[in-house]
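Asks: Fold the following.
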Amino acid sequence: MKPEVLTFLQEMSFTEYEAKAYLTLLEKSPLSGYAVSLNSGVPRSKIYEVLGGMVSRGDILVSQESTPLYVPLPPNELIAQRKRKAEQVFADAQQALEQYTITSQNRESIWNIAGGEAIINRIREGVKGARHRILLEMWKEDAEELREDLERAAKAGVRIVIVAYGELDFDFADVYPHDSSAAITSDYGGRWVVFSADDREVIAGILSLGDDSRAAWTLHPGLVMPITEVIIHDLYLMEIMREFREPLEAKFGPDLIDLRNKFYMGPNGKKYYLPDPGL
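Replies: As a prediction, the model looks like this:
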């Protein structure tokens with residue numbers, strides 16, 4: 001056997017024994033395990049372990065006879081197989097390393113996003129990256145901009161759950177219409193969005209101020225957990241309202257208005273989240 005050929009095979013992740021067994025089978029086959037050992041110099045105590053590993057990888061083939069016989073995969077097929085495996089390994093490694101870099105760089109950071117279009121685009125990227133579940137709380141007019149992205153995610157197996165302000169006809173999602181959407185819009189003077197993907201990424205902000213819209217995007221667990229839980233607690237409340245609306249409204253008023261009024265800051269119900277246009 002030429003040493004350089006053995007070296008090439010070892011650089012393709014063959015062990016020394018595997019390389020010797022493969023070259024022996026290229027020179028003459030089919031051969032029994034005993035014959036491969038005899039002609040290659042691989043010890044008889046090791047030969048069946050070596051051949052078994054090569055069979056499991058597809059480097060050689062074995063017959064199902066009383067005395068198994070071995071033949072090598074043709075060199076062109078062996079090389080093509082190894083190329084495919086290597087390319088897949090590199091592709092998987094690239095994806096994993098890029099995701100690791102994004103996560104490690106952003107896990108402790110909170111990023112400001114300026115402008116309604118930029119906020120929607122950042123949510124689109126979050127939708128594309130989701131693998132398990134998306135929780136979303138937003139107004140109908142803003143949600144419609146994400147319809148195609150959300151539907152693609154749903155078709156890929158991602159569960160979509162939306163708390164919707166306004167009537168939203170997304171048959172691919174679990175949609176929970178929020179009570180008093182018009183009144184809330186009027187009270188707050190703006191529309192917000194809360195987005196959570198896979199309990200690991202959140203985007204939250206105000207979407208109705210055009211270029212002055214602002215949102216925060218983060219993977220910081222100290223914010224991901226409470227912001228995600230805000231959406232989940234809204235979902236709890238809506239489920240409870242479905243089952244017990246009558247007694248709850250008898251106690252707290254239509255759409256629980258008395259509860260909303262109870263937690264206003266200030267006597268006139270004014271909200272202070274948005275800049276006062278009079279100032």
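Asks: Please make it C-alpha for all contacts and neighbour counts, starting now.
Replies: Will do.
Asks: need the contact list for the residue most central in space within the chain.
Replies: Nearest residue to the geometric centre of the chain (C-alpha atoms, centre = their mean): R131, 3.3 Å. By C-alpha atoms under 8 Å, 6 or more residues apart in numbering, the residues touching R131 are G157, V158, D198.
Asks: Now list the buried members of those residues.
Replies: V158, D198 (16 or more other C-alpha atoms under 10 Å).
Asks: Tell me if the residue nearest to the centre of the chain really is in a strand.
Replies: No: counting by DSSP: H, G, I helix; E, B strand; the rest coil, R131 is not found in a strand; it is coil.
Asks: so what's it scoring on pLDDT?
Replies: Looking at R131, its pLDDT is 93.
Asks: likewise V5?
Replies: At V5, pLDDT is 83.
Asks: Distance-wise, check L38 relative to K20.
Replies: Counting by C-alpha to C-alpha, to the nearest Å, the separation of L38 from K20 is 11 Å.
Asks: neighbour count winner among the two?
Replies: Shown here are L38 and K20; by other C-alpha atoms under 10 Å, K20 has more neighbours (23 against 14).
Asks: Specify the local secondary structure of the more buried one.
Replies: helix.
Asks: who touches it in this structure?
Replies: Contacts of K20 (C-alpha under 8 Å, 6+ apart): M1, L6, S40, G41, V42.
Asks: which residue sits farthest out from the middle of this protein?
Replies: Relative to the centre of the chain, and counting by C-alpha atoms, centre = their mean, the farthest-placed residue is L38 at 52.3 Å.
Asks: The stretch 51-200 of the chain: helices as residue ranges?
Replies: Using DSSP state H, counting those that start in this stretch, the helices of the stretch 51-200 of the chain run over 75-106, 116-129, 140-143, 147-155, 181-188.
Asks: thinking again about what came up before, now the contacts of K20 in TSV, with distance to L168?
Replies: Below are the contacts of K20 laid out as TSV (distance: C-alpha to C-alpha, whole Å):
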residue	distance to L168
M1	72
L6	66
S40	72
G41	73
V42	70
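Asks: which one of these sits closest to R122?
Replies: Lowest distance from R122 to the contacts of K20 (C-alpha to C-alpha) belongs to L6, with 52.3 Å.
Asks: what's the distance between the closest one and K251?
Replies: 84 Å.
Asks: Which one's more surrounded, the two?
Replies: Using other C-alpha under 10 Å as the criterion, L6 and K251 rank with L6 on top: 20 against 12.
Asks: Model confidence score at Y48, please.
Replies: 93.
Asks: how many other residues sit next to it?
Replies: 17.
Asks: which SSE is it in?
Replies: For Y48, the host element (DSSP states H and E) is helix 44-57.
Asks: got the angle between that helix and helix 75-106?
Replies: Between the axes of helix 44-57 and helix 75-106, defined by axes from the mean of the first three to the mean of the last three C-alpha atoms, to 10 degrees, the angle is 70 degrees.
Asks: For Q95, see how far away the residue lying closest to T67 once chain neighbours are set aside is.
Replies: Computed as C-alpha to C-alpha, 6 or more residues apart in numbering, the closest residue to T67 that is not its neighbour in sequence is S32, at 6.9 Å. Applying C-alpha to C-alpha, the value for S32 to Q95 is 43 Å.
Asks: ok, those two, which is more surrounded?
Replies: S32 (18 against 11).
Asks: Would you mind measuring from that one to F14?
Replies: Look at S32 and F14: by C-alpha to C-alpha, they are 20 Å apart.
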